[in-house]
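1. the following block contains a protein sequence and its predicted model.
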Amino acid sequence: VVTRSSHQSHVLEQDIRLFSEGKLPVLHFPDHETLPYDPFSPHPDIIAERLATLSALSELNKGILLAPIATLMQRLPPRSHALGRNIQLRTGQMLVIDEFRQQLQKAGYSHAYPVYQAGQFAVRVSVIDLFPSGRKQPLRIDLIDEEIDSLREFDPESQRSTDELEAFNMLPAREYPCDKESFDAMRKAFRFRFVVDTRNVSLYLDLRQGLHPQGLEQYLPLFFETTESLLDYLPEKPLVVSQHGVEEAAADFWDSTNERWEQRRHDIERPVLDPAELYFSPGDTHEQLATFNTVQLLEAGVRKPAATVFATAAAPDLHIHDRGNEPAAALLDFERQFPGRIMFAADTSGRREFLSETLRTFGLQVRRFESWHDFYSSDARVGLAVLPLESGFVAGDELVVLTESQLFGGRVRPKTTRKLSERDPEAIIRSL
């Protein structure tokens with residue numbers, strides 16, 4: 001599914017996971033969440049999710065992949081890097097700490113104690129803590145002499161071990177290779193590509209010292225002879241579903257990228273690659289997508305010949321006014337006239353209690369549910385649950401889902417954002 005923005009991808013991911021009830025694999029290839037030519041790197045959790053998605057695609061036979069059009073235009077490392085540099089671990093395996101430390105550093109992992117985000121590791125005598133890319137929990141390796149005695153996941157805050165694993169496949173921590181040979185080859189390509197005094201380029205000097213300078217992802221093509229597209233990682237030709245507005249979004253992204261390149265192209269202390277070296281153009285992306293069977297989602301109200309029209313629509317505004325003789329008149333009229341089932345979606349458990357009391361005040365008796373599945377499989381006509389929905393909808397005469405946006409209008413809803421790793425301040429103090 002190709003969306004017009006990163007926000008739309010996150011919203012669709014939440015909606016699909018909710019209504020598929022976990023029966024369908026849903027992968028999301030996120031955006032870097034940095035602007036083109038920014039001098040800083042994406043968050044490690046974002047890199048971890050991207051690499052985990054690329055790895056999972058090689059074994060995916062059925063499922064849904066969500067990607068913003070700007071991310072689809074991005075040039076990616078070849079599959080030989082993303083899929084061929086995994087580290088295999090299993091209990092009983094021989095492991096020399098010094099060699100393993102070097103292996104982790106070549107895979108892009110950095111030393112930190114305690115580990116709290118993807119791409120970090122720590123060595124404590126015969127115990128190795130590491131936070132592998134694509135995992136929600138860090139991993140603890142216990143050694144007896146030079147043999148792996150146990151592999152356990154653990155809570156980074158409490159440091160308590162949880163699940164025990166027999167074997168583990170670890171992904172690299174960065175989208176570019178981090179061994180000395182690759183850094184040397186990149187610096188050679190940098191000197192060949194840019195006619196600048198490298199003594200004044202801090203990024204180049206950091207690379208010479210084996211460091212990972214911020215924003216190095218903006219020079220990814222210099223690490224490889226060729227780059228690939230996200231579509232190259234797909235094992236089979238999929239059905240492509242394109243959201244309306246994708247072509248306009250691709251053109252806007254391409255124009256803004258060229259504007260930022262024009263502003264930075266003469267910087268001799270941080271020279272930049274051309275847009276075409278970092279991204280596929282809208283025309284190239286269109287040609288790539290044209291090789292797949294495609295379904296185009298039209299904007300609401302747009303009709304084309306032979307288009308399939310679904311009996312769905314946006315939920316109506318049924319605002320509950322603070323003042324007036326009948327503050328919920330629109331809602332009560334809709335409830336009486338609608339022949340199907342009604343589901344009220346609250347943002348949080350606290351809002352669910354508030355919404356339940358508010359509806360009861362107006363004479364609406366709602367039945368509370370713990371999930372969408374519980375409501376859908378019941379015989380209740382009116383239900384209430386905490387659901388991660390941004391907007392409501394009407395599905396013919398059978399069902400309507402109303403969110404707080406339809407009931408309270410101007411209230412600002414929480415934005416759909418990525419949950420990044422956070423450190424508990426008390427845990428930081430305890431680790432000193």
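-> Ah, there it is.
2. contacts for the longest helix along the chain?
-> Criterion DSSP state H: the longest helix present in the chain is helix 246-264. Applying CB atoms under 8 Å, 6 or more residues apart in numbering, the external contacts of helix 246-264 come out as 2-5, 35-37, 68-70, 73, 270, 272, 274-275, 278-279, 281-282, 285-286. (Each C-beta comes from the backbone N, C-alpha and C, glycine too.)
3. narrow these to just the buried residues.
-> Neighbour-count burial (16 or more other CB atoms under 10 Å) applied to the contacts of helix 246-264 gives 2-5, 36-37, 68-70, 73, 270, 272, 275, 278-279, 282, 285.
4. can you give me the strands in the stretch 51-200 of the chain?
-> Under the criterion DSSP state E, counting those that start in this stretch, the stretch 51-200 of the chain contains strands at 64-68, 87-90, 110-111, 120-124, 127-131, 139-144, 147-154, 161-165, 167-170.
5. of all those strands, which lies closest to residue 381?
-> Residue 381 lies closest to strand 64-68 among the strands of the stretch 51-200 of the chain, at 31.0 Å (CB to CB).
6. what lies in contact with the closest one?
-> 1-6, 8-9, 12-13, 16, 24-29, 31, 53, 57, 230, 234, 238, 249.
7. relative to residue 18, how far out is residue 372?
-> 6 Å (CB to CB, to the nearest Å).
8. one more: residue 249?
-> 25 Å.
9. between the two, point out the one with more neighbours.
-> residue 249 (21 against 16; other CB atoms under 10 Å).
10. average model confidence for stretch 220-239?
-> If you average the pLDDT over stretch 220-239, you get 91.
11. buried residues in that stretch, which are they?
-> Under 16+ other CB under 10 Å, the buried positions of stretch 220-239 are 220, 221, 222, 223, 224, 227, 228, 229, 230, 231, 233, 238.
12. end to end on it, go ahead and measure it.
-> Start to finish, the residues bounding stretch 220-239 are 29 Å apart (CA to CA, to the nearest Å).
13. and what of stretch 19-27?
-> End-to-end span of stretch 19-27 (CA to CA): 15 Å.
14. rewinding a little: quick one: which of the contacts of strand 64-68 sit in strands?
-> Those of the contacts of strand 64-68 mapping onto strands are 2, 3, 26, 27, 28, per DSSP state E.
15. what's the farthest-apart pair in those residues?
-> Taking CB to CB as the measure, the ones in strands among the contacts of strand 64-68 span a maximum distance of 14.9 Å, between 2 and 26.
16. and the residue nearest to residue 86 when sequence neighbours are not counted, what does it touch?
-> The spatial neighbour of residue 86 that comes closest, neighbours along the chain excluded (CB to CB, 6 or more residues apart in numbering), is residue 169 at 5.4 Å. Going by CB under 8 Å, 6+ apart, residue 169 touches 86, 87, 88, 89.
17. neighbour-wise, which of the residues you listed leads?
-> residue 89 (21 neighbours).
18. just give the nearest non-adjacent residue to that residue, would you?
-> residue 168 (4.5 Å).
19. ok, that neighbour to residue 137 distance?
-> 12 Å.
20. out of those two, which sits in the busier spot?
-> residue 168 (19 against 14).
21. surely that one is in contact with residue 151?
-> Yes. Assessed by CB atoms under 8 Å, residue 168 is found in contact with residue 151 at 5.7 Å.
22. isn't residue 109 up against residue 119?
-> Yes. With contact defined as CB under 8 Å, residue 109 counts as touching residue 119 (5.5 Å).
23. which neighbours do these two share?
-> With CB under 8 Å, 6+ apart, residue 109 and residue 119 have common neighbours residue 173.
24. so how far is stretch 176-188 from its chain's centroid?
-> 27 Å (CA atoms, centre = their mean, to the nearest Å).
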